[in-house]
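Student: My questions concern the predicted model and sequence given below.
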Amino acid sequence: MTNKDHMLSVMRGEDVEVIPYAPRLDLWWLSNRLRGTLPDRFNDMRPDDIARAEGWACYHMVPDFTNLTSGPEGTLHRAIGLYDFKQSVYRWRFSGDVEVNVNNRDDGLQEIEYRTPAGVVSTIGGHTEEMKKQGASLGWTRKHLVEDPKDIEAAGYLFSSLEVFANYDGGLEYINEIGGCGAVAAGGPSLGASPMHLIQKELIDPTEFFIWQKERPKELADLSEKVSVYYDKALSIIEYSPAEVVMWGGNYDAMLTYPPYFERDILPWLQKASARLQGKGKLVVTHTDGENQGLMDLIAASGVDMAESITPFPMTKLTVKDYYEQWSPKLTLMGLIPECVLLANETSDASFEAFLDELFKSIAPGRRVILGIADSTPPNASFDRLRRIGDRVAKECRIPIQY
């Protein structure tokens with residue numbers, strides 16, 4: 001079986017001989033390449049080349065923002081949550097009556113103005129070289145699309161009028177390019193799991209979002225309804241695509257996506273997407289890299305096949321054992337190795353080895369697990385530790401794990 005076959009089998013809840021290991025390397029690679037600190041033997045390699053050379057599965061769940069279809073243009077509209085991913089099985093474009101004006105500033109940021117028949121809205125954001133050196137593959141937003149209730153109509157028109165069309169050949173070409181080295185997840189409509197989640201993550205200042213929940217719930221609901229038009233268009237195309245796996249939203253946190261809000265405004269879309277996509281034979285993944293205490297039952301009820309990028313204690317409150325006992329009967333777990341254990345200045349060699357001992361004990365007998373670095377391998381990670389994890393997984397994580 002190939003690494004891809006192993007990963008897909010685990011996602012389906014089937015038994016395999018050994019737990020797959022698929023560390024995410026893109027942010028580590030980007031930062032070290034730009035800083036000139038990439039190990040010499042990797043100078044002419046990209047993340048997949050490195051994974052193949054080490055015998056690991058290639059990571060292709062969260063899209064590789066360093067390798068987009070249209071280069072820097074692929075993240076130009078990052079401030080409104082729209083991207084151009086290589087593994088995307090759909091494409092989008094603004095309707096013909098929307099005018100987009102881009103002003104590239106001297107500080108590396110972009111001012112983008114969206115002129116619609118319903119009004120004008122704008123953003124300011126970007127992705128500087130310094131951010132890339134620090135390991136950031138995505139830029140940040142200085143000015144959000146929606147700052148005042150008067151922006152709702154134009155922002156809503158921008159999304160409800162988006163034209164969405166199939167990119168099945170392009171998506172399949174990328175999936176075939178990765179081949180057997182790893183499973184590839186096609187992206188959902190955005191990194192938000194629901195229209196309201198997209199509004200919270202991208203369109204409104206995070207603090208203002210909570211104020212609007214209290215003081216302007218109707219305006220939020222109106223905008224969410226317009227964004228839903230885009231989500232429905234994208235879902236209708238994705239479900240008939242050749243994708244075997246779909247990543248649907250992520251970045252939950254018990255404080256930011258607190259349980260009542262998650263249950264009301266995020267869970268229904270996760271359930272809808274899961275049912276529709278699984279009905280067409282696809283596996284559904286969601287990105288669970290935050291503090292999930294209080295959200296465990298809700299995420300388990302979402303119907304997804306796999307929770308990806310799980311980040312346990314000591315970076316969050318829940319332990320590996322908590323996650324495995326509560327989720328493995330219902331869904332597959334991916335990640336479980338927190339970034340901090342790869343940092344020699346934070347975790348001693350002894351503590352690193354002790355963590356792996358406890359990890360393997362906690363996931364015994366080892367069903368429904370794909371090990372990886374949650375959320376991603378950090379820029380200053382010890383590559384020797386990445387390799388040590390791979391060696392120990394190969395030797396000690398044959399199923400059933402004996403601990």
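Tutor: Nice, I can see it.

Student: where exactly do the strands run in this protein?
Tutor: 90-93, 99-104, 109-116, 119-126, 140-143, 163-166, 185-187, 245-250, 283-287, 306-310, 332-338, 369-374 (DSSP state E).

Student: distance of Asn292 from Val369?
Tutor: 16 Å (CB to CB, to the nearest Å). To be clear about C-beta, it is placed using only N, CA and C from the backbone, and glycine gets the same treatment.

Student: The two: who's more crowded?
Tutor: Val369 (28 against 25; other CB atoms under 10 Å).

Student: Would you confirm that Ser190 contacts Ile199?
Tutor: No. Look at Ser190 against Ile199 with CB atoms under 8 Å: they stay out of range, at 10.2 Å.

Student: Quick one: end-to-end distance for stretch 377-387.
Tutor: 12 Å (CA to CA, to the nearest Å).

Student: Could you list the buried residues of that stretch?
Tutor: The neighbour-count check on stretch 377-387 (16 or more other CB atoms under 10 Å) flags 377-383, 385-386 as buried.

Student: for stretch 278-294, same thing?
Tutor: Within stretch 278-294, judged by 16+ other CB under 10 Å, the buried ones are 278, 282-292, 294.

Student: Next step: the buried residues of stretch 377-387 restricted to helices.
Tutor: Counted as lying in helices by DSSP state H, out of these, are 383, 385-386.

Student: Between the residues you listed, which sits nearest Asp5?
Tutor: Leu386 (23.0 Å; CB to CB).

Student: who's in contact with the closest one?
Tutor: Residues near Leu386 by CB atoms under 8 Å, 6 or more residues apart in numbering: 23, 54, 342, 373, 377.

Student: what do you get if the cut-off is 10 Å, keeping everything else the same?
Tutor: 21, 23, 25, 28, 50-51, 54, 56, 337, 342, 373, 377 (CB atoms under 10 Å, 6 or more residues apart in numbering).

Student: got it, and Tyr261?
Tutor: Residues counted as contacts of Tyr261 (CB under 10 Å, 6+ apart) are 196-197, 200, 209-210, 213, 267.

Student: Over to the closest residue to Pro400 other than its chain neighbours: give its phi and psi.
Tutor: Setting aside the residues directly before and after it, Pro400 is nearest to Pro365 in space (CB to CB, 6 or more residues apart in numbering), at 3.6 Å. Backbone torsions of Pro365, given as degrees, to the nearest 10, read phi -80, psi 0.

Student: What's the per-residue pLDDT of Pro365 here?
Tutor: If you check Pro365, the pLDDT there is 96.

Student: Likewise for Leu109?
Tutor: 86.

Student: Now for it, how many residues are close by?
Tutor: Leu109: 20 neighbours (other CB under 10 Å).

Student: what sits against the closest residue to it other than its chain neighbours?
Tutor: Nearest in space to Leu109, with sequence neighbours left out and distances taken as CB to CB, 6+ apart, is Gly126 at 3.7 Å. By CB under 10 Å, 6+ apart, the contact list for Gly126 reads 72, 75-76, 78-79, 104-105, 107-112, 139-142.

Student: just Phe360 next, same as before
Tutor: Neighbouring residues of Phe360 by CB under 10 Å, 6+ apart: 19, 320, 366, 371, 392-393, 396-397, 401-403.

Student: ok, Pro242 - contacts?
Tutor: Taking CB under 10 Å, 6+ apart as the test, what Pro242 contacts is 89, 168-169, 171-172, 175-176, 186, 282.

Student: go again using 8 Å as the cut-off
Tutor: For Pro242, the contacting residues are 89, 168, 171-172, 175, by CB under 8 Å, 6+ apart.

Student: now swap in Val284 and tell me
Tutor: 245-246, 248, 273-274, 277-278, 303-306.

Student: Identify the farthest-apart pair in these.
Tutor: Between any two of these (CB to CB), the greatest distance is 14.7 Å, for Val245 and Gly303.

Student: And these two? Which one has more around it.
Tutor: Val245 (23 against 19).

Student: And the pLDDT for the more buried one?
Tutor: At Val245, the model reports a pLDDT of 98.

Student: With Leu191 as the reference, measure out to it.
Tutor: Applying CB to CB to Val245 and Leu191 gives a distance of 16 Å.

Student: now do Leu342
Tutor: Here the criterion is CB to CB. By it, Leu342 lies 24 Å from Leu191.

Student: Ramachandran angles for Leu25?
Tutor: The phi/psi pair for Leu25 (degrees, to the nearest 10) is phi -110, psi -10.

Student: Against Thr141, how distant is it?
Tutor: From Leu25 across to Thr141, the span is 26 Å (CB to CB).

Student: who's more crowded, the two?
Tutor: It is Leu25, of Leu25 and Thr141, that has more neighbours when counted by other CB under 10 Å, with 29 against 20.

Student: which residues does the more buried one contact?
Tutor: 47, 50-51, 59, 376-377.

Student: which one of those is nearest Thr116?
Tutor: Ser376 (35.7 Å).

Student: does the closest one really touch Trp28, like I thought?
Tutor: Yes. With contact defined as CB under 8 Å, Ser376 counts as touching Trp28 (7.2 Å).

Student: Mind checking which of the contacts of Gly126 are buried?
Tutor: 75-76, 78-79, 109-112, 139, 141.

Student: Quick check: the farthest pair among the residues you listed?
Tutor: Among the buried ones among the contacts of Gly126, Thr75 and Glu111 lie farthest apart (CB to CB), at 15.4 Å.

Student: one step back: Produce a ChimeraX select command limited to the buried residues of the contacts of Leu386.
Tutor: Once 16+ other CB under 10 Å is used to decide burial, the buried members of the contacts of Leu386 can be selected in ChimeraX as follows:
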select :21,23,25,28,50,51,56,337,342,373,377
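
Student: Can I get the contacts of Leu386 in JSON lines including pLDDT?
Tutor: As requested, those are exported to JSON lines (pLDDT from 0 to 100):
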{"residue": "Tyr21", "pLDDT": "98"}
{"residue": "Pro23", "pLDDT": "98"}
{"residue": "Leu25", "pLDDT": "96"}
{"residue": "Trp28", "pLDDT": "94"}
{"residue": "Ile50", "pLDDT": "97"}
{"residue": "Ala51", "pLDDT": "97"}
{"residue": "Glu54", "pLDDT": "96"}
{"residue": "Trp56", "pLDDT": "98"}
{"residue": "Ile337", "pLDDT": "98"}
{"residue": "Leu342", "pLDDT": "98"}
{"residue": "Ile373", "pLDDT": "97"}
{"residue": "Thr377", "pLDDT": "96"}
